[in-house]
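> fold the following.
(one chain, ligands or ions: 2)
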Amino acid sequence: MLSKKLEKALNDQIQIEAESSQVYLSMASWAEVKGLEGIAGFMYGHSDEERMHMLKLVKYVNERGGHAKISTLKAPKTDFVSFQKMFEELYQHEIFVSNSINDLVHVTLQEKDYATHNFLQWYVAEQLEEEALARTVLDKINLIGDDKGGLYLFDRDIQQLIVESAASDTAGE
Ligand SMILES: [Fe+2]
Ligand SMILES: [Fe+2]
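Ligands and ions are numbered 1, 2, ... in the order given. Got it, this is the predicted structure:
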């Protein structure tokens, strides 16, 4: 059985994962409207992953005798100014999520809930990967800036990144 404190902390993380999914969905839509389909595809895929992170937590909380609560979500912004700024935000957002996972892991130790501690190691590893991927993409886009030709090539490049990261996900499972 989960302690009330840990149940609350897990529910907070459920909300963060759901909001992350919305943020990336909004980025996907913005990129799609701007005509950059590779970037849009990358963001749609990332949005799905965040929903999967959320669902995994929902199931876990309920399995352990808690109640996963589905809450209202903060609306993401709908305009991202430039692709460079958008990828900067993606990177910063992943750092924010990593920090919140770390705080959550800390609560499991306080509550001496080693099963949840163990369960959360998947998220710790996932955040390392996502931060690394976000940094790689950001480094690339920083080289390009808002140069139209560069963006066009980048849009094709990022489709390759999606394929590679999907391959490494399957390999890791
Ligand atoms: Fe996530
Ligand atoms: Fe993420």
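
> if we go by neighbour counts, what in the helix or strand hosting Leu161 is buried?
For Leu161, the host element (DSSP states H and E) is helix 148-172. Using 16 or more other CB atoms under 10 Å as the test for burial, helix 148-172 gives Leu151, Phe154, Asp155, Asp157, Ile158, Leu161, Ile162, Ser165. To be clear about C-beta, it is placed using only N, CA and C from the backbone, and glycine gets the same treatment.

> of the residues you listed, closest to ligand 1?
Ser165 (13.7 Å; CB to the ion).

> so Phe42 makes contact with Glu164?
No. Here Phe42 lies out of contact with Glu164, judged by CB atoms under 8 Å, at a distance of 11.5 Å.

> any residues of this protein in contact with ligand 1? List them.
Residues of the chain lying close to ligand 1 (CB under 5 Å from the ion) are Glu17, Glu50, His53.

> narrow those residues to those in helices?
Members of the residues of the chain next to ligand 1 lying in helices (criterion: DSSP state H): Glu17, Glu50, His53.

> which of those count as buried?
Buried members of those, scored by 16+ other CB under 10 Å, are Glu17, Glu50, His53.

> dump those residues to CSV, plus pLDDT.
Shown next, in CSV, are those (pLDDT from 0 to 100):
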residue, pLDDT
Glu17, 98
Glu50, 98
His53, 98
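
> pick the one among the residues you listed closest to Glu32.
Distance to Glu32, by CB to CB, is smallest for Glu50 among those, at 17.6 Å.

> residue most distant from the centroid, the protein?
The outermost residue of the chain relative to its centre, with distances by CA atoms, centre = their mean, is Gly149 at 28.3 Å.

> which residues touch that one?
Neighbouring residues of Gly149 by CB atoms under 8 Å, 6 or more residues apart in numbering: there are none.
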